[in-house]
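> Model the following, please.
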Amino acid sequence: MNEQPAGDGGQETPPLEQRVGALESGQETLSGKLDQVLGILSGSGSGKPEAPAGEGDPGGDGIAMEIRRQLDERTAREKAERAAADENASRDREVDSLKQQVAALSEKRPEPVVRRVEKMMGWR
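The predicted model follows:
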């Protein structure tokens, strides 16, 4: 019976330094691709890696993007506040109409029965 160590599988594993180096290079490539995707999503749109912080425009586009983002946030917040106010107003109108319906349905005192004498005499 041939007995081999459980984790060996018949293949030799590369030294630790090579495995760590391969993992680090893979992580760097993934990080670069992630930066490209974030650049595309944030609006630079070129799909090319962005220039390092020390090169190129000192942030003119960044300021414009920040202002647009803040304006969008403010617009969204105002829209949400308006929607909440409309919902509250609608709820208040509905409650008022229900109160009116309940008031109309409340019990009223019955009118007294017409006496026979009054009916025959035509007083009522």
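
> remind me, longest helix of the protein?
Longest helix in the chain, counting residues (DSSP state H): helix 60-105.

> average model confidence for that one?
The average pLDDT within helix 60-105 is 92.

> Domain map for the protein?
With domains defined by automatic domain parsing, the chain comprises 16-49, 60-105.

> would you turn those domains into TSV with distance to residue 120?
Quick note: C-beta positions are derived from backbone N, CA and C, even for glycine. Putting the domains of the chain into TSV (distance: least, CB to CB, whole Å) gives the following:
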stretch	distance to residue 120
domain 16-49	93
domain 60-105	35
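
> would you turn the ones you listed into CSV with mean neighbour count?
What follows is these, written out as CSV (neighbours: other CB atoms under 10 Å):
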stretch, mean neighbour count
domain 16-49, 11
domain 60-105, 10
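
> And the ones you listed: which comes nearest residue 113?
domain 60-105 (23.7 Å; CB to CB).

> Distance from the closest one to the middle of the chain?
15 Å (CA atoms, centre = their mean, to the nearest Å).

> try stretch 19-27
Distance, stretch centre to chain centre, for stretch 19-27: 37 Å (CA atoms, centre = their mean).

> ditto for stretch 98-111
The chain centroid and the centroid of stretch 98-111 are separated by 45 Å, computed with CA atoms, centre = their mean.

> ditto for stretch 104-112
With CA atoms, centre = their mean, you get 52 Å for stretch 104-112.

> Straight-line length of that stretch, end to end?
21 Å (CA to CA, to the nearest Å).

> residues of it that come out buried?
For stretch 104-112, burial by neighbour count (16 or more other CB atoms under 10 Å) applies to no residue.

> Just the CA atoms of stretch 18-28, as CSV, please.
Provided in CSV are the C-alpha atoms of stretch 18-28 (Å, rounded to 0.1, in the frame of the first residue of the first chain):
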residue,chain,number,x,y,z
GLN,A,18,7.2,32.7,-4.7
ARG,A,19,3.7,32.1,-3.5
VAL,A,20,3.7,35.4,-1.5
GLY,A,21,5.1,37.3,-4.5
ALA,A,22,2.4,35.8,-6.8
LEU,A,23,-0.3,36.8,-4.3
GLU,A,24,1.0,40.3,-4.0
SER,A,25,1.2,40.8,-7.8
GLY,A,26,-2.3,39.5,-8.1
GLN,A,27,-3.5,41.9,-5.5
GLU,A,28,-1.8,44.8,-7.2
